[in-house]
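In: Test case, fold it:
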Amino acid sequence: MNGYSFTLEGWTDGSGEQVWVGASKVARELRWAQLKTVIGDGPAAGPDAAATAAFVDRATEMMRQGRIERGAALPGDHPALSSDPAARILAQWKAKTAGQEVPAEALPVPELKPEPVAAWTDKRRRPYGALATDAIPGEIKKARRQIATWQGEMEAAQSNARTWDGLATGAVTGHRVRDLHQLAAKVEAARPHIEAEVAARHDRVAADTAADAARKMLREANRLKGLGWLELRREGTSRKAEEKKAAVSAEAIHAYVEQASKAMSRGAEAARAAEEASGLPWAEGEQKRLREEWPQLLAEAQRGDQGEGQARRDAELARVEDLARRIAGAETRVDRLAQEAELRRTMPADQAKAEGRARRDAARSKPPTARRRKAAPRPPGEQPAHLRRQPPAAGGPGRTR
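Out: Numbering: from 1, shown residues only. Model (predicted):
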């Protein structure tokens, strides 16, 4: 036999395989050539108990020193192993020689002593120790009602956050875009009246232009008909022709002025109809602005709605987080109040009575926390002497009564 290996029951690696250590690698004194004389080839003659115990003690000490030198973990640190490795190895060796399996010895289980009840003044372990026993159920109900209220508010805030999220992402149309489309719809309703107003304005402008031309012609005819026959001949006209031209021009002026007046009346009526149809004081101007600036106006309205949606959504989400923190704190308060009630129910009767008396004494000796109300100022006649002032004299400050 060239060598052998040691192992300890319960000594396994990370994969669960049994760990075997070569004896010659642990210490030179554990070579088979030296141990053969002690162990022998087999257990036929039966082991010597004293020699085997001495050998096991020496082998265990050598293995321990070898593991210390190599930095290996001691199998005795395993919680399931015995605190006496030499006795355990000897028992295992004896069992193996007899063809039996001996389980590892269990460590002695320490006796658990009940933890003493904390004092009612211990704020860390009993934060509600100073609270009266009869007041604990009421505090629990109050905290649960507050939790229900906060949960309802949190659900409403979550719903509002989802609504504003739709506006922030553009999935929902905001009031700015709606107002812009409503304005376009109002202008479209007044479009026929606006067109009639524009046509009446053009007619009035044309009539005014024609009237100006007729006035110019009338002035020229009046100038020429006042000339002599020689000048008229030189101008290629006659007095009768100029008189006729003046008469025609005067009639045309009156006709064009009447046309302009009628066109102005039609324009005014069309403007009033456009205002009634659209509800806008100047529907034509709004139509022109929407026609020229519609892409920019629509983009600005969308940006405004999305910005408002993001701000409102962030505010609602922040409120949800705040309410969640409040609910968690209230639930913790309910749990601690319930623990305090259970502790008082299960504690010894003498201690419960003593705590009750101590709480009552502390409540009676506690000074009032209400602040004293500041006294109101005295009436003017009751002011201190150094604050009183004499009324002024009848004749002025220079005279006395």
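
In: quick one, what contacts residue 150?
Out: 323, 326-327, 330 (CB atoms under 8 Å, 6 or more residues apart in numbering). Using the backbone N, CA and C atoms, a C-beta is placed for each residue, glycine as well.

In: please redo it, this time with the cut-off set to 10 Å
Out: 157, 322-327, 329-330 (CB atoms under 10 Å, 6 or more residues apart in numbering).

In: Just list the residues touching the most centrally placed residue in the chain, thanks.
Out: Compute the mean C-alpha point of the chain, and by CA atoms, centre = their mean the closest residue is residue 318, 2.8 Å away. Neighbour list for residue 318: 157, 161 [criterion: CB under 10 Å, 6+ apart].

In: Check the gap between it and residue 338 for me.
Out: Distance check for residue 318 against residue 338: by CB to CB, to the nearest Å, it reads 31 Å.

In: in the stretch 51-200 of the chain, which spans are strands?
Out: For the stretch 51-200 of the chain, strands defined by DSSP state E, counting those that start in this stretch do not occur.

In: can you give me the helices for it?
Out: With helices called from DSSP state H, counting those that start in this stretch, the stretch 51-200 of the chain shows them at 85-97, 136-169, 175-189, 191-225.

In: okay, those helices in TSV with distance to residue 294 and mean pLDDT next?
Out: Converted to TSV, those look like this (distance: least, CB to CB, whole Å; pLDDT from 0 to 100):
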stretch	distance to residue 294	mean pLDDT
helix 85-97	92	68
helix 136-169	22	95
helix 175-189	8	94
helix 191-225	15	92
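
In: Same list (these) but as JSON lines, adding distance to residue 282.
Out: Putting the helices of the stretch 51-200 of the chain into JSON lines (distance: least, CB to CB, whole Å) gives the following:
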{"stretch": "helix 85-97", "distance to residue 282": "104"}
{"stretch": "helix 136-169", "distance to residue 282": "31"}
{"stretch": "helix 175-189", "distance to residue 282": "10"}
{"stretch": "helix 191-225", "distance to residue 282": "10"}
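
In: Mind checking these for the one nearest to residue 21?
Out: Checking the helices of the stretch 51-200 of the chain against residue 21 by CB to CB gives helix 85-97 as the closest, at 12.8 Å.

In: Buried residues in whichever helix or strand residue 232 is part of, which are they?
Out: Assigned by DSSP states H and E, residue 232 belongs to helix 229-235. Buried residues in helix 229-235, counted by 16 or more other CB atoms under 10 Å: residue 232.

In: Stretch 137-146 now?
Out: Buried residues in stretch 137-146, defined by neighbour count with 16+ other CB under 10 Å: 139-140, 143.

In: among the contacts of residue 150, which are in helices?
Out: Of the contacts of residue 150, the ones assigned to helices by DSSP state H are 157, 322-327, 329-330.

In: need the helix or strand of this protein with the lowest average pLDDT.
Out: Every helix and strand in the chain was compared by mean pLDDT, DSSP states H and E; the lowest is helix 32-39, with a mean of 63.

In: Would you mind giving me the confidence score for residue 351?
Out: In this model, residue 351 is scored at 87, pLDDT.

In: With residue 115 instead?
Out: 67.

In: I appreciate the help and will end here.
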